[in-house]
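I'll drop the sequence and a predicted model, then ask my questions.
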There are 2 protein chains.
Amino acid sequence: MREVAVVGVGLTKFGERWDTSFRNLFVEAGAKAVEDAGMSGDQIDEMFVGNMSGGRFVLQEHIGALIADHAGLTKNHIPATRVEAACASGGLAFRQAYTTVASGIQDIVIAGGVEKMTDVGGSETTDALAGAADREWEGLAGATFPGLYAMIATDYMNRYGLTREQLAMVSVKNHRNGVHNPIAQYRKEITVEDVMRSTLVADPLRLLDCSPVTDGAAAVILCPMEMARKFTDTPVKVLASSQASDTISLHDRRDFSTLDASVAAGRRAFKQASLTPKDIGMVEVHDCFTIAELCAIEDLGFCVKGEAGKLTEDGQTAIGGSIPVNTSGGLKSCGHPVGATGIKQVCEIVSQLRGEAVGRQVDAEIGMTHNVGGTGATVVCNILGV
Amino acid sequence: MREVAVVGVGLTKFGERWDTSFRNLFVEAGAKAVEDAGMSGDQIDEMFVGNMSGGRFVLQEHIGALIADHAGLTKNHIPATRVEAACASGGLAFRQAYTTVASGIQDIVIAGGVEKMTDVGGSETTDALAGAADREWEGLAGATFPGLYAMIATDYMNRYGLTREQLAMVSVKNHRNGVHNPIAQYRKEITVEDVMRSTLVADPLRLLDCSPVTDGAAAVILCPMEMARKFTDTPVKVLASSQASDTISLHDRRDFSTLDASVAAGRRAFKQASLTPKDIGMVEVHDCFTIAELCAIEDLGFCVKGEAGKLTEDGQTAIGGSIPVNTSGGLKSCGHPVGATGIKQVCEIVSQLRGEAVGRQVDAEIGMTHNVGGTGATVVCNILGV
C-alpha cells in the first residue's frame, strides 16, 4: 500500500443556497479543489461522491456520472461512483478514494460530498432524513432524528449527571469557532441562555442543540505521497482511514450513550496510524446534535465516559484547550449538508495543518475526523498529519 | 495487487416478491452465498451493496448498515458501503469489493445488490427510474427510459437497417434461455409474433422489448485466490473489473447508437485481462431493452457496428452459437431489480464456468459481464475465468 496525500481542498459556502443547483454546488467545490491542487481536471483518474438522498431531495440518482459529466470529467470516461451511508456518505467517499490511491489502482482521485436539502419542504426533509434510521422499526413508529438523539441525551444525562447547561456549551463553543469560518452557515456567537431559551424540539434537545438543514458541497484531491509535491508545497498525509458499522436501530444497541461503531472505527484508525488519542492535536467530530459531540469525544478515547461535559465546560475542547474539537464550527455552526459533511471535516483538518485556518488556527501536526451515519450505524474516522 | 476469486454466489427468485421485504430479500441472497462458500457470516470482513433507489422505492437510505445489521454482520462492526450508479449499482459493488480484496485491505468481502421495486405504484416507479437519467434536462422534459432507448433504437434502425423482427429476436432468444433459469421472473418462451403484437410502449419499442419491474437480490463472496480452495473446489478467478462514465444525457453524446462508456469499460477490461473479444466464451450484457443488447455486443467488440441484428438472427448469440449472450435469460426474462442485476450477471458467469447451469450450459472457460447505468453514463465490465 502506498502513502497517500491530500493535495487539494475545496468548499462551497454552506447555507440555504437557492442561488444554485445540486450539480453546480458540487462543481463549485470540485473546481476549487482542482485549483487548490494546481492541476487540471483532465488529470483526475477517478471520482467518489458521497450523497445521502438525491433521490428524495432533488429526484436524482446516478449521481457519480451526473457530477462527473457536469464537471467536464467524462471526456476520459473516468469511473465515477456514488457512495451512501446517510450522514457518513462523505466519509465513505474519502475512504474509497484513499483505498483506490493506496492500492495503486489510480493515481489522482477526487473525493467529494454534496447535498441540496432546501429544494423540498420541511416535513419532506424530515422524512427523507428518517431514511437514515430504520424505516420499518423507527420511522414508521414516528421516530425522527431529533427524537432518537433526544433518547440518547436523556439516557446520558440520567447516567452521567450531564447538565442541560453543559450540553448548551457544546453549541456555544461551536458557534464561537464558526464565526471565523467563511463557509459557515451561521457565523454568529450564541450564549448558553440563547440555547436554553430556544424552541424545544425533542426534550431535552432544543433548536440550538440541532444542526441545521443545509445546502453545500466539499471536495478533496488525493494522490500518492511520492507525487504530491508536484502539486503542493504542503501535502497532508493520510495516516489512517477506517469505517465501522453497528445496528441501524438505536433500540438494538447494548448501550444508548456509547456508539460502538465510533469506538471500533476510532480504534482501527489509531491502530492503522500507530497513534493514540494523546497524539491527536485537533478533531472534527459529528455534532449533528450537541449530545453527539460529547459521545464522540468519549468514544474516540479523548476522555473517559461521562466526562466530556466537564471537559467542555472547562474549555478543554475550545481553541487553545487540550483537544480542540470542531474548530470549523462543527455541524452546528457550519451547517450539515449530509453527504458533504465528512469531506468538509477533512478540509478543515487540511486547512489547520497547513496553517491556513485564519482566526481559528490551532497548533497541531495531526488531526482526526469522525463522521457518523444515522444514530451510529456507520462511522468513518480519518487521521491526517504533516 | 493480489489475484481474487469468487467463492460463493447466491440469488433470490426474481419477480413480484410481495411475500418478502427489501431487507429480507438481500439476506436471502447473502445467506445462500455464504452457504455456497461453506463459510460463516462471521468470516466476512467487509460488505458492498448496490442499490439504486431505496429512498424512493422503500423510503430507506443507509442501506449498507441496514443490510449488514439485518444479516447479523454488525457484531464485528464490519464496514458496509452502499454504492449507486442507477442500474449499474451492482456492478459498482463488485468492482469495489474486487479492489478491496485485490489491494489487501480485506480478505473476505461480500458484494451484493438489491432492489424492491413493486412496493410503489406504476408512475412512481417510472419517475424513480427517471432519476437514472438527467432529471433537469431529460426527466423534466418528459423523457422516460423507454422513450430514451426508443430514440437509440430509431437512430440505430435508420442508420444500420436493423429490422423490427431482428430486434424481436433478442427478446425471443433471452426468453428461450430464461426458461431454464430457476430464478427468472418470466420462464416462458415467446415468439417474434408475440413481440410484434405486444403493446407499443415507445415507438419502436413494444412491451416485450422492455425488461420488467422486478424485486430481487444477488450476492457473491470474494477472497484472495490463495485462500479460495479453503472454501470451494471450483474458485472462479476475477480477470478484470473496469468502470467508465459518459454524459448523463443522451442528447449530449457524439453518437446515439454507440455507448462510449461500454467501449471504454470493455477496452479497459480486455487490457487488464490481456484478452480480446475472441477469448470470451459467453457474455451477460445489459439488455434493459432489446436494442441495448445489440449495442452492447458491438460496443464490446464481438462484431462490427450494425451487424449485431444479423448475428442474432443467425443464432450466433444463442446457446451453441459463436458467442452466447445472456444465457441467464438477461434482464428481459430474468427481470431487472436494478441494483441487483450487475451481481446477478456475475452469478450466471460463475454458474456457467462451474458447469452448474443446468439446461442452459455453454462450453466456456472465460465469461464477461456488462452492466449499464442509465442510457450509458456508467458501464461496468468484469471478466471471469477458470
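Alright, I've got the coordinates.

which non-adjacent residue is nearest A:Met47?
Nearest residue to A:Met47, sequence neighbours excluded (Cβ to Cβ, 6 or more residues apart in numbering or on different chains): A:Ala80, at 4.4 Å. Every C-beta, even on glycine, is put in place using the N, C-alpha and C of the backbone.

surely the one you found meets A:His62?
No. Assessed by Cβ atoms under 8 Å, A:Ala80 is found out of contact with A:His62, at 9.4 Å.

need phi/psi at the residue of chain A found nearest chain B.
With Cβ to the nearest Cβ as the measure, A:Ser103 is the residue of chain A nearest to chain B, at 3.2 Å. Backbone torsions for A:Ser103, taken as degrees, to the nearest 10, come to phi -80, psi -10.

what's the neighbour count on the residue nearest to it when sequence neighbours are not counted?
Leaving aside its sequence neighbours, A:Ser103 sits nearest to B:Ser103 (Cβ to Cβ, 6+ apart; 3.2 Å). By other Cβ atoms under 10 Å in any protein chain shown, 18 other residues sit near B:Ser103.

likewise for A:Asp107?
17.

distance between stretch A:80-88 and the chain's centre?
How far stretch A:80-88 lies from its chain's middle: 12 Å, per Cα atoms, centre = their mean, to the nearest Å.

can you get me a residue count around the residue nearest to A:Met47?
For A:Ala80, the neighbour count with other Cβ under 10 Å is 32.

show me the contacts for it.
A:46-49, A:64-65, A:67-68, A:73-74, B:85, B:245, B:378 (Cβ atoms under 8 Å, 6 or more residues apart in numbering or on different chains).

give me the common contacts of A:Ala80 and A:His62.
Listed as contacting both A:Ala80 and A:His62 by Cβ under 8 Å, 6+ apart are B:85, B:378.

that older thread, dump the contacts of A:Ala80 into JSON lines; add distance to A:Met227 as well.
Shown next, in JSON lines, are the contacts of A:Ala80 (distance: Cβ to Cβ, whole Å):
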{"residue": "A:Glu46", "distance to A:Met227": "15"}
{"residue": "A:Met47", "distance to A:Met227": "18"}
{"residue": "A:Phe48", "distance to A:Met227": "19"}
{"residue": "A:Val49", "distance to A:Met227": "23"}
{"residue": "A:Gly64", "distance to A:Met227": "24"}
{"residue": "A:Ala65", "distance to A:Met227": "26"}
{"residue": "A:Ile67", "distance to A:Met227": "24"}
{"residue": "A:Ala68", "distance to A:Met227": "22"}
{"residue": "A:Leu73", "distance to A:Met227": "19"}
{"residue": "A:Thr74", "distance to A:Met227": "23"}
{"residue": "B:Ala85", "distance to A:Met227": "28"}
{"residue": "B:Ser245", "distance to A:Met227": "23"}
{"residue": "B:Thr378", "distance to A:Met227": "27"}
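
what about the residues you listed, which are in helices?
A:64-65, A:67-68 (DSSP state H).

residues of the stretch 151-300 of chain A that sit close to chain B?
A:242-249, A:252, A:260-261, A:264-265 (Cβ under 8 Å from any Cβ of the partner chain).

check the ones in helices among the contacts of A:Ala80 and tell me the two furthest apart.
Farthest-apart pair in the ones in helices among the contacts of A:Ala80 is A:Ala65 and A:Ile67; separation 7.5 Å (Cβ to Cβ).

so these two - more neighbours on which side?
Legend: neighbour count by other Cβ under 10 Å for A:Ala65 and A:Ile67, higher for A:Ala65 (35 against 31).

and the residue nearest to that one when sequence neighbours are not counted, how many neighbours?
Counting by Cβ to Cβ, 6+ apart, A:Ala65 lies nearest to B:Ala377, which is 3.7 Å off, once chain neighbours are set aside. When neighbours are defined as other Cβ under 10 Å, B:Ala377 has 32 of them.

contacting residues around B:Ala377?
B:Ala377 makes contacts with A:62, A:65-66, A:69, A:74, B:85-86, B:245-248, B:261, as judged by Cβ under 8 Å, 6+ apart.

what do you get if the cut-off is 6 Å, keeping everything else the same?
Residues near B:Ala377 by Cβ atoms under 6 Å, 6 or more residues apart in numbering or on different chains: A:65, B:246, B:248.

among these, which one lies nearest to B:Met227?
A:Ala65 (34.1 Å).

in chain A, which spans are helices?
A:22-36, A:54-57, A:63-70, A:89-102, A:122-130, A:145-160, A:164-178, A:192-197, A:225-228, A:260-273, A:290-299, A:308-313, A:330-334, A:341-354.

B:Ser53: which of these is closest?
Short answer: helix A:54-57, nearest of those by Cβ to Cβ, at 5.1 Å.

number of nearby residues for the spatially closest residue to A:Asn177 that is not a sequence neighbour?
Nearest non-adjacent residue to A:Asn177, counting by Cβ to Cβ, 6+ apart: A:Gly329, 4.8 Å away. When counting by other Cβ under 10 Å, one arrives at 29 neighbours for A:Gly329.

show me what contacts A:Gly329?
Contacts of A:Gly329 by Cβ under 6 Å, 6+ apart are A:174, A:177-178, A:181, A:184.

now A:Val220
Taking Cβ under 6 Å, 6+ apart as the test, what A:Val220 contacts is A:6, A:9, A:111, A:343, A:346.

check the burial of the nearest residue to the first one once chain neighbours are set aside by counting its neighbours.
This points to A:Val6. Spatially, and ignoring its direct neighbours in sequence, A:Val6 is nearest to A:Val236 (4.6 Å; Cβ to Cβ, 6+ apart). By the criterion of other Cβ under 10 Å, A:Val236 has 26 neighbours.

kindly report the same for A:Val386.
Quick note: A:Val386 (other Cβ under 10 Å) scores 16 neighbours.

thought it was touching A:Arg354?
No. A:Val386 is beyond contact range of A:Arg354, at 7.7 Å (criterion: Cβ atoms under 6 Å).

ok so, going back, contact partners for the residue nearest to A:Val6?
Contacts of A:Val236 (Cβ under 6 Å, 6+ apart): A:6, A:350, A:353, A:384, A:386.
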